[in-house]
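Peer 1: Give me coordinates for this.
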Amino acid sequence: MHGTTIIAVHKNGQTAIAGDGQVTFGETVMKQGAVKVRELEGGVLVGFAGAVADALTLLEKFEEQLELAKGSLKRAAVETVKLWRTDRILRQLEAMLIVADASEILLLSGTGEVIAPDEPLVAVGSGAPYALAAAKALWRETELEAADIAEKALKIAAEIDLYTNGNATVLKAGGSR
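Peer 2: Presented below is the predicted three-dimensional model:
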C-alpha cells in the first residue's frame, strides 16, 4: 500500500491510532491534511490504507458487522474479512484496515487475515516499517503514553518515507486529541 501510514499502539490501558494526512496521486501530492483514522461507536478506532473508496467501503462493512456483533471487535473483524473474501465485488477491493478498542488491536486484510500482533503495535501503509520500528523502540524503552508513541513514530516515518507526511491525526480509544 502506497501513499499513507497508519500506526496503532496500546500501552498502559490506552489505545491510540495515528494516520498521516498526505494523499498522493502517482508522484504528485494532492492533499496534506486528509483524515484516515476514525472513531466509531463504542470507542472503536479504525485506520485505513490503500485506495480510499475501497477503504471507505470496507469501513462501512466493518461498522455494519460491529453493530451486528454488539460491539465485539474480534467477531466484527472476522465477519468483515469473511465478507471481503467471499463477495465477488468486495474481493477486488485494495485496502487494509486497523481496528482497535481500549484493549486490543487487529489488522484486517483482503487476503483473509485478522491478525492480533504479538506486541500491541501494528502499522500499515508505505511508511509502516519505519513507523513500526520507531514505535517498538519507544514502546519498549520509554514511559510515553500510547498516543505520544503513535504520533512520534508517525513523524519519524515521515522523515524517511516519501509517501508519508508529518500531519498526524491521533485518536485515543474513548477520545481524540
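Peer 1: Show me what the longest helix anywhere in the chain is packed against.
Peer 2: Ordering each helix of the chain by length in residues (DSSP state H) puts helix 52-68 first. Secondary-structure packing of helix 52-68 (3 or more CB pairs under 8 Å, 6 or more residues apart in numbering; DSSP states H and E): strand 45-50, helix 73-86, strand 95-100. (Glycine included, C-beta is placed from N, CA and C.)
Peer 1: any chance you could map the strands in the chain?
Peer 2: Counting by DSSP state E, the chain has these strands, from start to end: 5-11, 14-19, 23-25, 28-31, 37-39, 45-50, 95-100, 105-109, 114-115, 121-125, 169-172, 175-176.
Peer 1: Check those strands for me: which has the lowest mean pLDDT.
Peer 2: With a mean of 46, strand 175-176 has the lowest mean pLDDT of these.
Peer 1: nearest spatial neighbour of the residue nearest to the spatial centre of the chain, skipping sequence neighbours?
Peer 2: By CA atoms, centre = their mean, the chain has its centre lying nearest to Gly47, at 3.1 Å. Counting by CB to CB, 6 or more residues apart in numbering, Ile6 is the residue found nearest to Gly47 once chain neighbours are left out, at 3.6 Å.
Peer 1: List the contacts of that neighbour.
Peer 2: Residues near Ile6 by CB atoms under 8 Å, 6 or more residues apart in numbering: 17-20, 36-37, 47-49, 98, 123-125, 128.
Peer 1: Pull the most distant pair out of those residues.
Peer 2: Val37 and Ala128 (14.3 Å; CB to CB).
Peer 1: neighbour-wise, which of these two wins?
Peer 2: Val37 (24 against 21; other CB atoms under 10 Å).
Peer 1: for that one, which residues make a bridge with it?
Peer 2: Beta-bridge partners recorded for Val37 (DSSP bridges): Gly47.
Peer 1: isn't it right next to Ala16, touching?
Peer 2: No. Using CB atoms under 8 Å, Val37 is not in contact with Ala16, being 9.6 Å away.
Peer 1: joint contacts of those two?
Peer 2: With CB under 8 Å, 6+ apart as the test, Val37 and Ala16 both reach 45, 170-171.
Peer 1: Pipe those residues into JSON lines and attach distance to Ala69 and neighbour count per row.
Peer 2: Compiled in JSON lines, the shared contacts of Val37 and Ala16 are given as follows (distance: CB to CB, whole Å; neighbours: other CB atoms under 10 Å):
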{"residue": "Leu45", "distance to Ala69": "16", "neighbour count": "25"}
{"residue": "Val170", "distance to Ala69": "26", "neighbour count": "20"}
{"residue": "Leu171", "distance to Ala69": "21", "neighbour count": "25"}
